[in-house]
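In: sequence unknown, structure follows:
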């Protein structure tokens, strides 16, 4: 089975990919992750979505394509050159708010249980400030992370952090976790409904 055989990418993606290549940005989400994000976004009508790590807007484009007209997406990054590509190609979409800010600082300002899906695609909210990200997820909401399989751009010593992160998520009684050795290595944690 070809996982991408029947998956059409967002129309907005082609110019983003070209600009990403021209910038030399090497930390972009790959199509399988994008396809999953689009599908997950479609499960949350009128949803509030958070992406930590806009990059050039590749995953942003997939999320927007899965969202309905009344959903909103906030995407946070510290790299103005990369995020400018997202602004140029996706900034016309009124559902999207791009924030140029440190992810930890942004998360510290958010109310508890305020997002339906958090896609943590950067160190903040994943390997740093994990609890800050988890507390923002509504009951029934999802925490999604990628790049859990070895990546060529990992810094030295990073590989040891992955099993620790997954163990922390697996032992968190507020969430049900599924990790997948698929795409770049993904995990989805769903916050349990309150009893």
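Out: On my side now, so go ahead. No experiment lies behind these values; they were computed from the predicted model shown.

In: which stretch of helix or strand covers residue 132?
Out: helix 130-134 (DSSP states H and E).

In: next one: residue 81
Out: Secondary structure (DSSP H and E) places residue 81 in helix 80-90.

In: show me what that helix packs onto, helices and strands only.
Out: Judged by 3 or more C-beta pairs under 8 Å, 6 or more residues apart in numbering; DSSP states H and E, the packing partners of helix 80-90 are helix 13-23, helix 58-66, strand 72-77, strand 96-100. No exception for glycine: its C-beta is placed from N, CA and C like everyone else's.

In: comparing the ones you listed, which comes out most buried?
Out: A comparison of the helices and strands packed on helix 80-90 by mean neighbour count, using mean count of other C-beta atoms under 10 Å, puts helix 58-66 on top with a mean of 26.

In: check the offset of that one from the chain's centre.
Out: In terms of C-alpha atoms, centre = their mean, to the nearest Å, the centre of helix 58-66 is found 10 Å from the chain centre.

In: do stretch 117-133 as well
Out: 9 Å.

In: buried ones in that stretch?
Out: Neighbour-count burial for stretch 117-133 flags 117-126, 129-130, 132-133 (criterion: 16 or more other C-beta atoms under 10 Å).

In: hang on, residue 25 packs against residue 54?
Out: No: with contact defined as C-beta atoms under 8 Å, residue 25 does not reach residue 54; the gap is 10.9 Å.

In: who's more crowded, those two?
Out: residue 54 (28 against 16; other C-beta atoms under 10 Å).

In: show me what contacts that one?
Out: 60, 75, 76, 77, 79, 82, 83, 86, 98 (C-beta atoms under 8 Å, 6 or more residues apart in numbering).

In: the longest strand seen in the chain pairs with which strands?
Out: In the chain, ranked by residue count with DSSP state E as the criterion, the top strand is strand 137-145. Each strand paired with strand 137-145, and its direction, by DSSP bridges: strand 115-120 (parallel), strand 186-191 (antiparallel).

In: thinking again about what came up before, same for the helix holding residue 132, what does it pack against?
Out: So helix 130-134, by 3+ C-beta pairs under 8 Å, 6+ apart, packs with helix 103-108.

In: show me what counts as buried in the helix it packs on.
Out: Buried residues in helix 103-108 (16+ other C-beta under 10 Å): 103, 104, 106, 107.

In: just checking, the last one touches residue 124?
Out: Same thing as residue 107. Yes: counting by C-beta under 8 Å, residue 107 touches residue 124, with 7.0 Å between them.

In: overlap of the contact sets of these two?
Out: Common neighbours of residue 107 and residue 124 (C-beta under 8 Å, 6+ apart) are 52, 133.

In: and stretch 163-170, average pLDDT?
Out: On average, the pLDDT along stretch 163-170 is 96.

In: and it, what's buried?
Out: In stretch 163-170, counting by 16+ other C-beta under 10 Å, buried: 165, 166, 169.
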